[in-house]
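In: I would like the atomic coordinates for the input below:
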Amino acid sequence: MKKDLSALSLIFLLGFTFFFQSTLQADDQAQATKIHHEIVVTATRLETPVKETASAISVIKIESLTSLKNFQPETLFSGIPGVFYLQAGSVGGAGSFFIRGANSEHTLFMIDGLEINDPISPSRSFNFNLLNLNLIDRIEILRGPQSTLYGSDALAGVVNFISCDSGNKGAELFASFGSLQTWQGAFKLSQKFGRLNYQLEVNSFNSRGISAASHNYPGNTEPDGYKQQGAAVKFKYLINDNISFSWQTRALLSRAELDDFGGPYGDDPNYTQKTRFLFNRSELNYFLFQHRWEQKLIWGLEESRRDNNNPPDNLHPDESETAFYHSRFLKLDWQNNLYFSSRQTVLFGLEYKNEKGDSSDTYISPWGTFNSNFPGKAAGLMAFYFQDVWKPWDSLSLISGFRLDHHQQFGSALTYRLAANFDWPEINTRFKATVGTGFKAPSLYQLYAPPSYYGPIGNPDLKPERNLGWDIGLEKNLSDKFQLSLTYFQSYYQNLIQFYFGSGYANVGRALSRGIEASLNFNILSGLLGQLGWTKLKALDRSNNSELLRRPRDSGFLKINYKRRRASALAELNYLGPRYDVNFSSYPPSTVKLQSALVANISVLYDLNQKAELLLQISNLFNARYELIYGYGMPGTTISTGFRLKLF
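Out: A predicted model of the protein is given here:
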């Protein structure tokens, strides 16, 4: 199979080189200059104007946020249609991210296109204790199957953290203090020396927190805090007008205090998890044939380790547990962008990924000592991907692509994607539609976990999870003050990997999600911008037609941003509809219905002068009591204040 991929790549390369040279000779000499693009989006792996993108994509610009949100994913990701984030307690608890009702592990998280999902996680999901926005310019959230460009794990969508590019010289200091003994600080530096640009940012965060197991239930009084320290550095060197090289390194340390479970008497006074994460990415970018052929050579290496420690305490004098989870991820990517003309761009490339992981868990109790060890295992994957972007005329963009992946264990996976975007300026409307497939390779643990006392766990015969998804939508300018966006989506999932006690993992699950994403942007007064959004979702387990747990049928938001002179204010109102969960603290576990919630937040920013600004944030303004996961509490009203100072 690897030979087939290599041969296929060579044929494409030779064919495109011949065709490319012919196109250059025939093309108008006036178009020999570099083709410029307006903005960068994750939808095509190319610089593409959003108005030509058929995919459902949302962009969070970090500069539009107060830095007080950096460690609050529940507010960071609020206001995105089709997206729902939940967490076990406050900051530091285990988090899940649902796009259009899919499982959390069906979303691929990346930094500049380099995957950061945890290979040693049982389902290879993202660890939200690694969330850090050092040197991040924006977050692009792409909804719908994206495996054609990004491979495994991108069944439901992609979340791409885009790093800051080379900026002007400057230094910035930030600090804040608030409720729950929460404080954070950050320092950012940007310099330029001739052709060399470099940026540095360091930060620290500390919060006493609240009890992860909700204090509304008996036995839960001890707060569970969270600490994080992070650093990021990025270099970019322009060798000449055609070649550039960049490198970035990120390091992170965190310590989270946890509880045993949610609900009555789930408290644990000394259960902790420490996380270490190291991220490296380099990119060599060069142009050929008068900037018509762009090549990117990308190398990435990551390493992560989690250490859990739960020694005996007054509540559990005869019990203790220690565990570690270690993983390493390597990626090589050769991407080629062929700009044939202003109306056609072809992209193709080769990828190689290798992931390794090992873990050990020891639990001691009056009933004996139980060990769960996962010896070091590795898995490799090679892929060839192709995409064609064609504009037959100015108002129509067509995208087609496919990808062939080969995994050393299960074999091959073929995915495809088609997209169309049509702009009808006479009626101020843009129509868009996409259809595509996705896959998720079984994780290391799902494939190779050794059997336990009770039977098998891992299954080397597992096949990849697959899905087929499509959406259709429109964006319409109702007037110069109102813009409406509507999207209908539907996704089918099959071969979902599920665990069965006594028999282990198997490809038996099926699911269906469909719904509507709607948003209305408005600008009715000078200095006032607003957005109203709503998502209607139906997510079903197709094996029994029951609703998937923790997915709200209805969710919505309202954001109003007002700016006048030196002051600006942002008011948010987030609605979370009822949804079902499981009460694991009862025997047998029972299904419960979580109540709806309405949470309001306010942020205020005031510019003292050109170099200093003050910030104030009030979260959960009306002190709403709600649970994202049964038995786990969320903070009441909290207040934070801070400042940002530009040093030069």
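In: Could you tell me how many residues sit around the nearest residue to Pro81 once chain neighbours are set aside?
Out: Nearest non-adjacent residue to Pro81, counting by CB to CB, 6 or more residues apart in numbering: Glu517, 3.8 Å away. All C-beta spots, glycine's among them, are computed from the backbone N, C-alpha and C. Glu517 is flanked by 24 other residues according to other CB atoms under 10 Å.
In: From Tyr493, how far out is Glu517?
Out: According to CB to CB, to the nearest Å, Glu517 stands 19 Å off from Tyr493.
In: Likewise for Gln387?
Out: From Gln387 to Tyr493 the distance is 24 Å (CB to CB).
In: and what of Asn337?
Out: For Asn337 relative to Tyr493 (CB to CB), the value is 32 Å.
In: same deal with Gly436?
Out: With CB to CB as the criterion, Gly436 and Tyr493 are 13 Å apart.
In: swap in Arg195?
Out: From Arg195 over to Tyr493 (counting by CB to CB), the distance is 48 Å.
In: Then Met382?
Out: The value you get for Met382 to Tyr493, if CB to CB is used, is 25 Å.
In: Could you check which of the two has the larger neighbour count?
Out: Tyr493 (26 against 20).
In: Counting by contacts, list what the helix or strand harbouring the more buried one packs against.
Out: Using DSSP states H and E, Tyr493 sits within strand 482-500. Applying 3 or more CB pairs under 8 Å, 6 or more residues apart in numbering; DSSP states H and E, we find strand 482-500 packed against strand 465-477, strand 504-525.
In: Now mean pLDDT and distance to Ala186 too, for the ones you listed, in a markdown table please.
Out: A markdown table is the format used below for the helices and strands packed on strand 482-500 (pLDDT from 0 to 100; distance: least, CB to CB, whole Å):
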| stretch | mean pLDDT | distance to Ala186 |
| --- | --- | --- |
| strand 465-477 | 97 | 36 |
| strand 504-525 | 95 | 31 |
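In: Those: which one's closest to Ile60?
Out: Ile60 lies closest, by CB to CB, to one member of these: strand 504-525, at 14.1 Å.
In: Show me the strands in the stretch 501-648 of the chain, by range?
Out: 504-525, 528-541, 546-547, 554-564, 567-576, 579-583, 590-594, 597-607, 612-619, 638-646 (DSSP state E, counting those that start in this stretch).
In: Quick one: these as JSON lines, columns for distance to Asp267 too.
Out: JSON lines is the format used below for these (distance: least, CB to CB, whole Å):
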{"stretch": "strand 504-525", "distance to Asp267": "32"}
{"stretch": "strand 528-541", "distance to Asp267": "32"}
{"stretch": "strand 546-547", "distance to Asp267": "30"}
{"stretch": "strand 554-564", "distance to Asp267": "30"}
{"stretch": "strand 567-576", "distance to Asp267": "25"}
{"stretch": "strand 579-583", "distance to Asp267": "17"}
{"stretch": "strand 590-594", "distance to Asp267": "20"}
{"stretch": "strand 597-607", "distance to Asp267": "23"}
{"stretch": "strand 612-619", "distance to Asp267": "24"}
{"stretch": "strand 638-646", "distance to Asp267": "21"}
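In: Tell me which of those lies nearest to Asp313.
Out: Nearest of the strands of the stretch 501-648 of the chain (CB to CB): strand 579-583, 24.4 Å.
In: Give me the sheet partners of that closest one and which way each runs.
Out: If you go by DSSP bridges, strand 579-583 pairs up with strand 590-594 (antiparallel).
In: ok, and what's touching the partner strand?
Out: 578-583, 626-627, 630 (CB atoms under 8 Å, 6 or more residues apart in numbering).
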